[in-house]
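# mind folding the following:
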Amino acid sequence: MVKSAERAIRILETVAQFSAGLTHTEISHSLHIPSGSLTPLLTTLSQLGYLSLQPSTKRYLLSTGVLSLTRRYQEGLDIVRMGEPFLIRLVEMTGEASAITIENGNRSTVVAKVNARLPLSPSLNLGDSAPLYAGASGRIYLASRSNEEINRYLSTVPLKPFTAKTPTDPDLIRKQLAAIRGGALSCSREHIFEGVSAIAAPIRDFTGKIVATFIISAPTTRLGPEKEKVVKNALREVSEEFSDMLGFNRDPGRVRLQSSKEDSVYGGAKSKARNPKFETMPDYQNSNGPSKAR
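Predicted coordinates:
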């Protein structure tokens, strides 16, 4: 990399870490760039709109040019297409149906899917949706809202049951949301369809926002303790890798949970089963029917 280009990038990365900005001297000391070399770099970055100098404090802050780049990056993201290899991996690791969902108003909608390799598996229908309180993926989106928004949602949305096990008690739902906020994966045990369970994990972008979820759906009879461990490990690993690819800066002290080959039901590429088929919908229109992925 050209030295000046490398320095310019390092300057932006360093200034971004300090909300109050940095002075010329602080940047120079932090990056070990001589003052004479630093001045033209700061001038150029300011002229291009990536930095701004606050006259009262003499501190440099990130400016609107960075925001413009961020907006263009967001507009260029295609979560569904980028998630295709990750969905296929989930099926290879677990043998079960996997899907990507997005938040669509007060519902969670399936926008991409790979069906299961195992027989007697619940089907996934593109465009199907379910209310946020009822399913595994929906509760992840609900948990990301503020307490005020959650209370308003629970007091205004009819919490009707789909099965005898659908959570409809606001206090119980709040406890489930608190567990998700604490880092637990979201689980649905026959909350929408009898005999069908699901587990979901969040997908975060570079801002930390939850932009989608991965969800694995399986017959409840097949999702015992050992299989549940396999599914959760796979979801954590794949969702963290995808979030990392989208630029999410997780806690550097956190250890990523890896799924071992022994935990995998099918051993990934070594499986003799046919290659899973990736399917996605042309647009993200809402549907009134609940999906068995939930």
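# list the contacts of residue 198.
Applying C-beta atoms under 8 Å, 6 or more residues apart in numbering, we find residue 198 in contact with 135-137, 187-188, 215-218, 293-294. No exception for glycine: its C-beta is placed from N, CA and C like everyone else's.
# beyond the helix or strand containing residue 217, next helix or strand please.
Per DSSP states H and E: residue 217 is located in strand 210-219. Once strand 210-219 ends, the next helix or strand along the chain (criterion: DSSP H and E) is helix 225-245.
# helices or strands up against that next one?
If contacts are counted by 3 or more C-beta pairs under 8 Å, 6 or more residues apart in numbering; DSSP states H and E, helix 225-245 sits against helix 79-94, strand 196-204, strand 210-219.
# let's have these in TSV, adding distance to residue 48 and mean pLDDT.
Formatted as TSV, the helices and strands packed on helix 225-245 follow (distance: least, C-beta to C-beta, whole Å; pLDDT from 0 to 100):
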stretch	distance to residue 48	mean pLDDT
helix 79-94	29	91
strand 196-204	29	96
strand 210-219	29	95
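# let me know which of those is the nearest to residue 32.
Judged by C-beta to C-beta, the one of the helices and strands packed on helix 225-245 that comes nearest to residue 32 is strand 196-204, at 33.0 Å.
# partner strands of the closest one and their direction?
strand 186-189 (antiparallel), strand 210-219 (antiparallel) (DSSP bridges).
# kindly reformat those as JSON lines and extend each row with distance to residue 111 and mean neighbour count.
JSON lines is the format used below for these (distance: least, C-beta to C-beta, whole Å; neighbours: other C-beta atoms under 10 Å):
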{"stretch": "strand 186-189", "distance to residue 111": "18", "mean neighbour count": "22"}
{"stretch": "strand 210-219", "distance to residue 111": "8", "mean neighbour count": "25"}
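# and the residue nearest to residue 59 when sequence neighbours are not counted, what does it touch?
The spatially closest residue to residue 59, leaving aside those adjacent along the chain, is residue 21, at 3.4 Å (C-beta to C-beta, 6 or more residues apart in numbering). Residues near residue 21 by C-beta under 8 Å, 6+ apart: 15, 54, 57, 59-61.
# which of those residues fall within helices?
The members of the contacts of residue 21 that map onto helices under DSSP state H are residue 15.
# now for the contacts of residue 21, which pair is the farthest apart?
15 and 57 (13.2 Å).
# contacting residues around stretch 29-49?
Contacts with stretch 29-49, where a contact means C-beta under 8 Å, 6+ apart, come from 4, 7-8, 10-12, 14, 22, 24-25, 27-28, 51-53, 60, 63-65, 68.
# please narrow those to those residing in strands.
Per DSSP state E, strands hold the following members of these: 22, 51-53, 60.
# ok, of these, which one's closest to residue 78?
Comparing the ones in strands among the contacts of stretch 29-49 against residue 78 with C-beta to C-beta places residue 51 closest, at 30.5 Å.
# state the phi and psi torsions of residue 164.
phi -70, psi -10 (degrees, to the nearest 10).
# state the distance from residue 53 to residue 39.
Counting by C-beta to C-beta, to the nearest Å, the gap from residue 53 to residue 39 is 12 Å.
# and those two? which has more neighbours close in?
Counted by other C-beta atoms under 10 Å, residue 53 and residue 39 do not tie: residue 53 has more neighbours, with 16 against 13.
# that one touches residue 62, doesn't it?
No: counting by C-beta atoms under 8 Å, no contact exists between residue 53 and residue 62, whose distance comes to 11.7 Å.
# JSON lines for the strands paired with strand 196-204, including distance to residue 176?
Shown next, in JSON lines, are those (distance: least, C-beta to C-beta, whole Å):
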{"stretch": "strand 186-189", "distance to residue 176": "8"}
{"stretch": "strand 210-219", "distance to residue 176": "15"}
